[in-house]
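Enquirer: need a structure here:
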Amino acid sequence: MNKTAIYPGTFDPVTYGHIDLIKRAGCIFDKVVVAVATHPSKDKDTLFSLEERIGFIREAVRGIANVEVEPFPGLVVEYVKQKRTNVIIRGLRMISDFEYEFQMALTNRKIAPAIETIFMMPSESYSYLSSKLIKEAASLGADLSSFVPPFVERALKNKFSKRRK
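Expert: Below you'll find the model as predicted:
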């Protein structure tokens, strides 16, 4: 039996912490679908377009045979059902993530009792990373090479250099 896990998120932008979880989930599951959220109300709040975010992740996971990347609209549990699986992967970095993720997992369980949420912790070296923190550091011109792949760092610098002009 093949087992597929869905790793949903906005990934704005993808970080080494996300990539770490994708790789590690790929060692546990037969297939990992990185599901990039697209919500018209949230898309205006993202720094990168849906196409850019999908492109970054695809580039980051190139060479990992059992990982797919695609967009999803709406409720993640409905998307999981559509993919004919029952596993959602969520990353937990710090204790501060736990309350929100726990509420979301319990809500999803109430909506779709057959779907399980599995929490994974990134490697210690990435446990503090968040896309929000990376964007803030990028806006201030920080070196991002230990946080994101080089192509993401270039894109961030490009976005923020345009904003400063």
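
Enquirer: now residue 35, what are its backbone angles?
Expert: Backbone torsions for residue 35, taken as degrees, to the nearest 10, come to phi -100, psi 110.

Enquirer: same question, residue 87
Expert: According to degrees, to the nearest 10, residue 87 has phi -130, psi 130.

Enquirer: give me the neighbour count for the residue lying closest to it once chain neighbours are set aside.
Expert: Spatially, and ignoring its direct neighbours in sequence, residue 87 is nearest to residue 5 (4.3 Å; CB to CB, 6 or more residues apart in numbering). Where you see a C-beta, it was placed from the backbone N, CA and C, and this is true even at glycine. Burial measure for residue 5: 24 neighbouring residues, criterion other CB atoms under 10 Å.

Enquirer: counting by contacts, list what the helix or strand hosting residue 5 packs against.
Expert: When elements are assigned from DSSP states H and E, residue 5 belongs to strand 4-9. With contacts taken as 3 or more CB pairs under 8 Å, 6 or more residues apart in numbering; DSSP states H and E, strand 4-9 sits against helix 16-28, strand 31-38, helix 76-82, strand 87-91.

Enquirer: 10 Å instead, please
Expert: Applying 3 or more CB pairs under 10 Å, 6 or more residues apart in numbering; DSSP states H and E, one finds that strand 4-9 makes contact with helix 16-28, strand 31-38, helix 50-60, strand 67-73, helix 76-82, strand 87-91, strand 116-120.

Enquirer: what angle do it and strand 31-38 make?
Expert: 30 degrees (axes from the mean of the first three to the mean of the last three CA atoms, to 10 degrees).

Enquirer: mean confidence for strand 4-9?
Expert: If you average the pLDDT over strand 4-9, you get 97.

Enquirer: next one: it to chain centre, how far?
Expert: Centre-to-centre, strand 4-9 and its host chain are 9 Å apart (CA atoms, centre = their mean, to the nearest Å).

Enquirer: cool, stretch 21-39 as well?
Expert: Stretch 21-39 sits 8 Å away from the centroid of its parent chain (CA atoms, centre = their mean).
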